[in-house]
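**Student:** got a predicted structure plus its sequence, pasted below:
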Amino acid sequence: MRTIKFRMWSKEAKKFFYDAENVYDCLKLSQLPATANLYQDMVWQQFTGFYDKNGKEIYEGDIIVGKFDLGPAGWVDHKWIVQWHNELGYQWNYWKLDAIEVVGNIFENEIQ
């Protein structure tokens, strides 16, 4: 069974929060009309269930380098993909996970 986890990026603090209980509670509260405004600066990203060649968890929005190029991981049409040069990219089952590496994320790094 795949592990369901999220991380939370704070635009104000400019950092990630990984504490599962805190992130989940904030995610629930962000969906309620009475508290939604308190969480406007937060962005949640889901764990893909995959690890890179170094054993690092790959989250949505992580920038990964692989066989072809580098780009951010994303969820499109019910599958995890890597987007290359603003085009839909490759499904992960087309290349080996032991050949990819997380090199950053979309909030802290720019893709050249």
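**Tutor:** Perfect, I can see it now. Residues are numbered from 1 along each chain as shown.
**Student:** least trustworthy helix or strand in the protein by mean pLDDT?
**Tutor:** strand 87-91 (a mean of 53; mean pLDDT, DSSP states H and E).
**Student:** what sits closest to the residue positioned nearest the centre of the chain if chain neighbours are left out?
**Tutor:** Using Cα atoms, centre = their mean, the residue of the chain that lies closest to the mean C-alpha position is Glu60, 1.9 Å off. With sequence-adjacent residues excluded and distances taken as Cβ to Cβ, 6 or more residues apart in numbering, Glu60 is closest to Gln45, at 4.2 Å. C-betas here are computed from N, CA, C, even on glycine.
**Student:** beta-bridge partners for that neighbour, please?
**Tutor:** Arg7 (DSSP bridges).
**Student:** surely it meets Gly61?
**Tutor:** Yes. Using Cβ atoms under 8 Å, Gln45 is in contact with Gly61, at 4.7 Å.
**Student:** could you list the low-pLDDT ranges of this structure?
**Tutor:** Within the chain, the segments meeting pLDDT under 70 span 1-2, 67-70, 78-79, 83-97, 111-112.
**Student:** those helices in it, which residues are they?
**Tutor:** Along the chain, counting by DSSP state H, helices occupy 20-30.
**Student:** any idea how far the residue with the largest distance to the centre of the chain is from Asp25?
**Tutor:** Residue farthest from the centre of the chain, counting by Cα atoms, centre = their mean, is Ala34 at 27.1 Å. Going from Ala34 to Asp25 by Cβ to Cβ, to the nearest Å gives 15 Å.
**Student:** what does Lys56 give?
**Tutor:** With Cβ to Cβ as the criterion, Lys56 and Asp25 are 25 Å apart.
**Student:** all strands for this structure, in order.
**Tutor:** Ranges of strands in the chain, per DSSP state E, are 6-10, 15-17, 42-51, 57-59, 62-65, 70-76, 79-84, 87-91, 101-105.
**Student:** of these, which stretch is the most buried?
**Tutor:** Of all those, strand 62-65 carries the top mean neighbour count, a mean of 22, counting by mean count of other Cβ atoms under 10 Å.
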